[in-house]
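Novice: just to be clear, the model below is a prediction. Sequence and coordinates:
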Amino acid sequence: MRAVVLVGGEGTRLRPLTETIPKPLVPLVDRPSLDHVLDHLAAHGVHEAVLSSSYLEERFRSFIEARHGRPRIVWITEEEPLGTGGAIVNALEHLGDEPFLALNGDILTDLDLTAMRAFHEERRAEVTIALHRAEDARPFGLVLTATDGRVREFREKPEEPVPGDVNAGIYLLDPAVLRGWPRARPLSIEREVFPALIAEGRRIYGFRGEAYWLDLGTPEQYLQAHFDLLEGKVRGIRYPAPYVSPEARVDLRAHLGRWVSVGPGAVVRPDAEIDDSIVLARARVGAGARVLASIVGPAAEVGDGATVVGCVLAEGARVAPGLALEGARLGAGEVVDPRSVTQGSGGPL
Ligand code: GTP
């Protein structure tokens, strides 16, 4: 089976981390989150994955070169961002005549894609949309289905916090259903293509798998994905908790809580205390520093004796020794020292 993985979003909600790293390449414990997505696809028999983006393309090139094994990767450069629907239509010529998977590249899930395919075939569906049960559907919008699973309606984001089935961003599509859609114009699969196909009476079904599912869209969700992986909540993936890369240097006198991940080349100095946080590659946490509920980006630094709580430090950001920050967002390379009074932007995590 083939798949197209959408990796071309700007990742605005995950800024400032995505100022220098495309969202799908942001590390998740020991490797880019896109590696987790591709491994999951390979485990369900996907032999070829089409990746498409127009954004931060250089970074993807080194990712593709470094990646080994299945699935084989085909890269498409979008001249301009084509949106979720446009990117899929644009990839059609690489996807053959059989049903193919299309999925958002920023989702951590253990959904049984093999069962989803069997469901698709049994129903003779033209489109199958994976559904996730959300207790609060406000950020997503609802997908309403009939008792036989047939999708009746895509409903815009509700204003009240109601529970319901939401679009999980994973689809099985018969390529014929997309022929006729324009190739090179921006298009949303959720807002334009699916509602139009429903109105045409096409055979669109919703598949509810009992699965772990999380969209890595925001810093809170990105941290949560780590905690869940460290707790073993994602089927088929196991890490020690806390996770410390073999290439990190953590002083024996440092204290690491259970929900902590420390990336390669990172340095944690004596008496540092880290809880519910991730420290990415080449970052440095100084002696006696405290890092709580925070993301310390690649090559970022928390100085000796400094405290960060609910903070996001983008690549190369630096907090001077002894300072205390709460809820700060530091952009790439930003330095906070006693002379700068800014606490970044944004609220607490
Ligand atoms: P935000 O800006 O924070 O909303 O993130 P995002 O840009 O990634 O948007 P969103 O989460 O809605 O995107 C869902 C998926 O579609 C993600 O995997 C994106 O990478 C991908 N995506 C969004 N827009 C495009 C696009 O124009 N082209 C391609 N190829 N992928 C896209």
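Specialist: Received it, and whenever you're ready, just let me know what you need. Here the structure is a predicted model, which is why all the values come from computation and not from measurement.
Novice: check contacts around residue 105.
Specialist: Residue 105 makes contact with 5, 6, 7, 23, 24, 33, 34, 37, 51, according to C-beta atoms under 8 Å, 6 or more residues apart in numbering. Bear in mind the C-beta positions are built from the backbone N, C-alpha and C, glycine included.
Novice: which residue does the protein have closest to the ligand?
Specialist: When scored by C-beta to the nearest ligand atom, the chain has residue 9 as its residue closest to the ligand, at 2.1 Å.
Novice: thought that residue was touching residue 87?
Specialist: No - assessed by C-beta atoms under 8 Å, residue 9 is found out of contact with residue 87, at 9.6 Å.
Novice: which one's more surrounded, these two?
Specialist: Comparing residue 9 with residue 87 by neighbour count (other C-beta atoms under 10 Å), the higher total belongs to residue 87, at 27 against 22.
Novice: just give the nearest non-adjacent residue to that one, would you?
Specialist: residue 52 (4.9 Å; C-beta to C-beta, 6 or more residues apart in numbering).
Novice: look up phi and psi at that neighbour.
Specialist: phi -140, psi 140 (degrees, to the nearest 10).
Novice: so it sits right up against residue 73, yeah?
Specialist: No - taking contacts as C-beta under 8 Å, residue 52 lies outside contact range of residue 73: 11.0 Å.
Novice: neighbour count for the two, which is higher?
Specialist: residue 52 (24 against 17).
Novice: for the more buried one, what are its contacts?
Specialist: Counting by C-beta under 8 Å, 6+ apart, residue 52 has contacts 4, 6, 7, 8, 75, 76, 77, 78, 82, 87, 90, 91.
Novice: may I have the phi/psi pair for residue 175?
Specialist: phi -60, psi -30.
Novice: so it sits right up against residue 91, yeah?
Specialist: No - contact between residue 175 and residue 91 fails when scored by C-beta under 8 Å: they sit 10.0 Å apart.
Novice: those two: who's more crowded?
Specialist: residue 91 (26 against 19).
Novice: what residues are bridge-paired with residue 129?
Specialist: residue 171, residue 206 (DSSP bridges).
Novice: per-residue confidence for it?
Specialist: Looking at residue 129, its pLDDT is 96.
Novice: how many residues are close by it?
Specialist: Residue 129: 26 neighbours (other C-beta under 10 Å).
Novice: cool, residue 237 as well?
Specialist: Using other C-beta under 10 Å as the criterion, the residues surrounding residue 237 number 17.
Novice: cool, and residue 13?
Specialist: 18.
Novice: quick check: phi and psi on it?
Specialist: phi -70, psi -20.
Novice: contacts for stretch 314-328?
Specialist: Against stretch 314-328 from outside (C-beta under 8 Å, 6+ apart): 15-17, 19-21, 286, 297-313, 329-338, 343-344, 346-349.
Novice: could the C-alpha coordinates of stretch 62-75 be exported in CSV?
Specialist: Extracted in CSV, the C-alpha atoms of stretch 62-75 (Å, rounded to 0.1, in the frame of the first residue of the first chain):
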residue,chain,number,x,y,z
SER,A,62,18.8,15.5,5.4
PHE,A,63,16.0,13.6,7.2
ILE,A,64,15.3,11.5,4.1
GLU,A,65,19.0,10.9,3.5
ALA,A,66,19.4,9.7,7.1
ARG,A,67,16.4,7.4,7.1
HIS,A,68,16.8,3.8,6.3
GLY,A,69,14.4,0.9,5.6
ARG,A,70,10.7,1.0,4.8
PRO,A,71,8.8,2.7,3.5
ARG,A,72,10.6,4.1,0.4
ILE,A,73,10.2,7.8,0.3
VAL,A,74,9.1,10.0,-2.6
TRP,A,75,9.5,13.7,-2.2
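Novice: can you tell me if that stretch touches the ligand.
Specialist: No - residues of stretch 62-75 contacting the ligand under C-beta under 6 Å from any ligand atom: none, with a closest distance of 11.0 Å.
Novice: make a PyMOL selection of the buried ones in the contacts of stretch 314-328.
Specialist: The buried residues among the contacts of stretch 314-328 can be selected in PyMOL (16 or more other C-beta atoms under 10 Å) with this line:
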select buried, resi 15+16+17+19+20+21+286+297+298+299+300+301+302+303+304+305+306+307+308+309+310+311+312+313+329+330+331+332+334+336+343+344+346+349
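Novice: if we look at the ligand, which of the contacts of stretch 314-328 are close to it?
Specialist: Of these, not one also sits near the ligand (C-beta under 6 Å from any ligand atom).
Novice: which of the contacts of stretch 314-328 fall in helices?
Specialist: Secondary structure defined by DSSP state H assigns none of the contacts of stretch 314-328 to helices.
Novice: filter the contacts of stretch 314-328 down to just the ones in strands.
Specialist: 301, 302, 307, 308, 309, 312, 313, 329, 330, 335, 336 (DSSP state E).
Novice: how many neighbours does residue 240 have?
Specialist: Neighbour tally, residue 240, other C-beta under 10 Å: 8.
Novice: for residue 36, give me its contacts.
Specialist: So residue 36 contacts 28, 108, 237 (C-beta under 8 Å, 6+ apart).
Novice: let me know the secondary structure of the second one.
Specialist: Which is residue 108. strand (DSSP: H, G, I helix; E, B strand; the rest coil).
Novice: bridging residues for it?
Specialist: residue 214.
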